[in-house]
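Q: Need the 3D shape of this:
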Amino acid sequence: MNSLKEHSLDRVLDELNRDAEHKKDFFVETSNLIARNDGRITLKNTNEVYSENGTPEKNLDGVVFDTTDWADNQLLSRLGMPAAYFRKAKEADPELFAQHFNYWTNVNEDRIRLRTKMFTDQALIRGAVSTKYAPLDNVQVGEIMEKILRENKDDFEINDFYLDDRRFHLRLSYPTLTKNLRTLPDGNPDYSRIGTDIVNSEVGAASFNLTALLWRLICSNGLRGWGRDWTFVQRHIHLRPIEFQSRVAEAMVKSLDASQGLLDEYQKMQEQQIENPFNAIKRLAEEGDFSSKFTDVVKEQYEGDNTAYGVVNAFTRAARELPNEQRLDAEKFAGKLIRFPASKWKQVQTEEMVGEGIEDEAVV
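A: Predicted coordinates:
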């Protein structure tokens with residue numbers, strides 16, 4: 001895992017390039033995979049492994065692969081094996097795991113793309129995806145973002161960067177698009193800035209998505225847009241890099257307009273009074289399926305502002321302490337609250353939630 005708190009675009013690009021150095025894709029029949037008694041994966045016939053261009057791969061004799069948890073989940077799910085159970089079995093009794101794994105690979109006829117990292121003394125399967133999967137690698141995303149940002153000479157800052165074997169996250173904000181939303185009790189301005197959130201996964205853990213963002217400067221917390229208006233999504237299928245670049249450039253321009261609309265809606269939340277903020281926080285946390293521990297943190301982060309604006313800020317402040325993926329989920333949840341009508345805010349202050357809950361809007 002890499003998380004850079006002090007970073008420039010050059011540092012981000014360097015990190016992405018270093019991460020890309022040892023990556024290699026193989027196409028293989030699932031029946032060609034075999035688990036050893038230590039739970040690691042090897043190949044039955046290395047002559048039946050192919051590269052992206054369809055040529056046979058060489059120098060794979062004797063190669064033994066470790067697997068990430070994510071790759072285990074993908075392989076086990078493809079074989080119809082309950083992933084949670086067999087991941088535990090692999091740890092407790094790898095020989096038993098191997099017996100089951102090898103039985104099901106023998107009767108499986110799928111052909112898959114293995115996304116790997118190949119080092120001199122180590123090999124790692126980081127993902128096992130369909131042959132229809134269209135790679136959009138993080139280094140490609142970085143190149144597209146560099147081209148867009150530097151050609152347009154936008155005044156931007158990178159507020160967060162995260163990279164591991166599952167996901168890539170880049171958070172941008174634009175200092176010239178900063179607005180004072182109110183005056184704080186201590187007399188200081190409460191600035192929020194328009195921004196853009198970018199998430200990608202090379203192993204099928206997420207589609208590429210570009211999301212409108214608000215960045216509150218006083219406490220460095222973000223609020224992510226939710227829904228069609230504020231999110232651009234590209235699945236890893238039927239993807240051509242040239243077309244993708246133009247779509248991303250268009251989406252970034254649209255995201256700035258969308259973020260302005262998000263900012264306006266965010267500011268309007270100050271008009272929605274909340275008589276019972278702690279009960280509202282509790283009910284909203286239940287609706288978002290958050291833990292009681294996180295709910296307590298949200299209450300601790302509440303700043304005494306008896307408006308919907310204050311409640312939403314309590315959620316985004318609490319989200320700062322979560323791991324990256326969970327933080328983004330909590331910030332997305334906060335973005336959903338912006339679209340709450342007054343009737344919903346009334347409901348969440350009562351003892352019982354009434355009516356429909358918060359549903360995800362389909363994004364295409």
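
Q: just the helices in the stretch 1-150 of the chain please.
A: Here the stretch 1-150 of the chain has its helices, by DSSP state H, counting those that start in this stretch, at 9-20, 69-78, 83-92, 94-106, 138-152.

Q: Go through these and name the closest to Asp329.
A: Ranking the helices of the stretch 1-150 of the chain by proximity to Asp329 (CB to CB) places helix 69-78 first, at 16.8 Å. Where you see a C-beta, it was placed from the backbone N, CA and C, and this is true even at glycine.

Q: Show me the shaky parts of the stretch 101-250 of the chain.
A: Applying pLDDT under 70 to the stretch 101-250 of the chain flags the ranges 152-154, 227.

Q: Do you have the strands of it handy? List them.
A: Assigned by DSSP state E, counting those that start in this stretch, the strands in the stretch 101-250 of the chain fall at 111-118, 123-130, 157-163, 168-183, 189-200, 208-216, 221-224, 231-234.

Q: Just put the ones you listed in a markdown table and tack on mean neighbour count.
A: What follows is the strands of the stretch 101-250 of the chain, written out as a markdown table (neighbours: other CB atoms under 10 Å):
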| stretch | mean neighbour count |
| --- | --- |
| strand 111-118 | 20 |
| strand 123-130 | 21 |
| strand 157-163 | 20 |
| strand 168-183 | 18 |
| strand 189-200 | 22 |
| strand 208-216 | 25 |
| strand 221-224 | 27 |
| strand 231-234 | 20 |
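
Q: Identify the residues contacting His236.
A: 129, 133-136, 201, 204, 207-208 (CB atoms under 8 Å, 6 or more residues apart in numbering).

Q: cool, and Asn37?
A: 94-95, 98.

Q: Now with 6 Å, please.
A: Contacts for Asn37 (CB atoms under 6 Å, 6 or more residues apart in numbering) come out as 95, 98.

Q: What's opposite Asn180 in the beta bridge?
A: In this entry, Asn180 is beta-bridged to Tyr191, by DSSP bridges.

Q: Next, work out how far apart it and Leu217 are.
A: Distance, Asn180 to Leu217, by CB to CB, to the nearest Å: 10 Å.

Q: Can you pull the residues that touch both of those two?
A: Tyr191.

Q: what's the burial count for Ala83?
A: Using other CB atoms under 10 Å, Ala83 has 16 neighbouring residues.

Q: isn't it right up against Leu76?
A: Yes - at 4.3 Å, Ala83 counts as touching Leu76 under the criterion of CB atoms under 6 Å.

Q: Let me know which of the helices of the stretch 1-150 of the chain is tucked in deepest.
A: The highest mean neighbour count among those, using mean count of other CB atoms under 10 Å, belongs to helix 69-78: a mean of 20.

Q: quick revisit: can you redo the helices of the stretch 1-150 of the chain as a markdown table, where the extra columns are distance to Leu170?
A: A markdown table is the format used below for the helices of the stretch 1-150 of the chain (distance: least, CB to CB, whole Å):
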| stretch | distance to Leu170 |
| --- | --- |
| helix 9-20 | 7 |
| helix 69-78 | 20 |
| helix 83-92 | 29 |
| helix 94-106 | 36 |
| helix 138-152 | 7 |
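
Q: Of all these, which one is nearest Arg40?
A: The nearest among the helices of the stretch 1-150 of the chain, by CB to CB, is helix 94-106 at 8.3 Å.

Q: what inclination does the closest one have with respect to helix 69-78?
A: The directions of helix 94-106 and helix 69-78 differ by 50 degrees, with axes from the mean of the first three to the mean of the last three CA atoms, to 10 degrees as the criterion.

Q: just how off-centre is helix 94-106 within its chain?
A: Centre-to-centre, helix 94-106 and its host chain are 31 Å apart (CA atoms, centre = their mean, to the nearest Å).

Q: between it and helix 83-92, how many degrees?
A: 130 degrees.

Q: List the contacts of helix 94-106.
A: Outside helix 94-106, the residues touching it (CB under 6 Å, 6+ apart) are 30-31, 33-35, 37-39, 79, 89-90.

Q: Mark which of those residues are buried, thanks.
A: When these are checked for burial by 16 or more other CB atoms under 10 Å, the buried set is 30-31, 33-35, 39, 79, 89-90.

Q: so of these, which ones are in strands?
A: Using DSSP state E to define strands, the subset of the buried ones among the contacts of helix 94-106 located there is 33-35.

Q: can I get these in TSV with pLDDT?
A: Shown next, in TSV, are these (pLDDT from 0 to 100):
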residue	pLDDT
Leu33	97
Ile34	97
Ala35	97
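
Q: Return the closest of those with respect to Lys147.
A: Checking these against Lys147 by CB to CB gives Leu33 as the nearest, at 38.6 Å.

Q: now the closest one: how far from Gln122?
A: 18 Å.

Q: swap in Ser259?
A: For Ser259 relative to Gln122 (CB to CB), the value is 43 Å.

Q: With neighbour numbers in mind, choose between the two.
A: Ser259 (26 against 12).

Q: need the contact list for the more buried one.
A: Listed by CB under 6 Å, 6+ apart, the contact set of Ser259 reads 194, 212.

Q: Now name the helix or strand holding it.
A: helix 241-268 (DSSP states H and E).

Q: could you check the angle strand 168-183 makes with that helix?
A: Going by the same axes, to 10 degrees, helix 241-268 makes 30 degrees with strand 168-183.

Q: which non-adjacent residue is nearest Gln74?
A: Ala128 (4.3 Å; CB to CB, 6 or more residues apart in numbering).
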